[in-house]
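Q: Predicted structure and sequence below. I'll ask about it afterward.
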Amino acid sequence: MCGIIGYLGTKSAKSYLLDGLKRMEYRGYDSSGIVIFDQQHVHLYKQEGKVQVLVDALDKMVLEGPMGIGHTRWATHGKPSDQNAHPHTDCKRQIFCVHNGVIENHLALRRDLEVQGHHFTSETDSEVIVHLIESFYQNTSLECAVRKMLPLLQGSYAIAVTSTHEPNKIVVARKESPLMIGMMEDGSHLVASDVCALLGHTKKLFFWKMKKWP
């Protein structure tokens, strides 16, 4: 059980991501991390320990990017460590993914990806997701790459994915694991695996039973 959150909007993503992670820490407190996109850079920070360790590390950093995703982890595959913390990234550090759930066939997928030349940096089952997306992300959109990847996964998942090639987009998907979207008054969006991360920011919530999001 882990907690994921994403923000895409008009304000700084940092405060929304860290606040959401603190609210969801009961879902996992072995490590946490965020990635934030601004107009020129991608800022990735991952830290072993409770969410407050990450909050303290980022306290004096100015991160004004309006889009990002975050994760608080309960270790199931791989020990608690900075390397095993999410978000995970692909070989070129252009795609980033957070995951809640368990990928049951991750060992077989990992072997196939390593044969193809992919380099893994963690012990987690979750990292196979971002490398699978990388393998399909050729002359297509991020959401198409995610759609092509999903049938290969066995198990449960709620994911949020971003890419430097499409910096104004968060692609989300779920199977069995919870995921919901909140729309804010200024048109910004929050996505999270727990409603507690959205309350206080919006009362307009959309659950996954809906076919389309506004």
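A: Done, it's in.
Q: For the chain, which segments count as helices?
A: 13-23, 51-58, 106-115, 127-136, 142-149 (DSSP state H).
Q: Make a markdown table from the ones you listed and add mean neighbour count and mean pLDDT to it.
A: Just so you know, the C-beta spots here come from the backbone N, C-alpha and C atoms, and that holds for glycine as well. Output for the helices of the chain, formatted as a markdown table (neighbours: other C-beta atoms under 10 Å; pLDDT from 0 to 100):
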| stretch | mean neighbour count | mean pLDDT |
| --- | --- | --- |
| helix 13-23 | 23 | 96 |
| helix 51-58 | 17 | 95 |
| helix 106-115 | 15 | 98 |
| helix 127-136 | 24 | 98 |
| helix 142-149 | 18 | 97 |
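Q: Those: which one's closest to Y157?
A: Proximity to Y157 (C-beta to C-beta) singles out helix 127-136 among those, at 7.4 Å.
Q: Where does the prediction get shaky in the protein?
A: 208-214 (pLDDT under 70).
Q: Any figure for the gap between the residue nearest the centre of the chain and L205?
A: Centroid check for the chain by C-alpha atoms, centre = their mean gives V98 as the closest residue, at 2.4 Å. Computed as C-beta to C-beta, to the nearest Å, the V98 to L205 distance reads 19 Å.
Q: for Y16, same thing?
A: 15 Å.
Q: I'd like to know which of the helices of the chain lies nearest to S193.
A: Judged by C-beta to C-beta, the one of the helices of the chain that comes nearest to S193 is helix 13-23, at 9.5 Å.
Q: Please work out which residues outside the closest one touch it.
A: 3, 5-7, 9, 32, 34, 36-37, 51-52, 54-55, 58, 63-72, 190, 192, 194, 196-198, 201 (C-beta atoms under 8 Å, 6 or more residues apart in numbering).
Q: so what's Q154 up against?
A: Contacts of Q154 by C-beta under 8 Å, 6+ apart are I103, E104, N105.
Q: likewise Q83?
A: Listed by C-beta under 8 Å, 6+ apart, the contact set of Q83 reads K46, T121, S122, E123.
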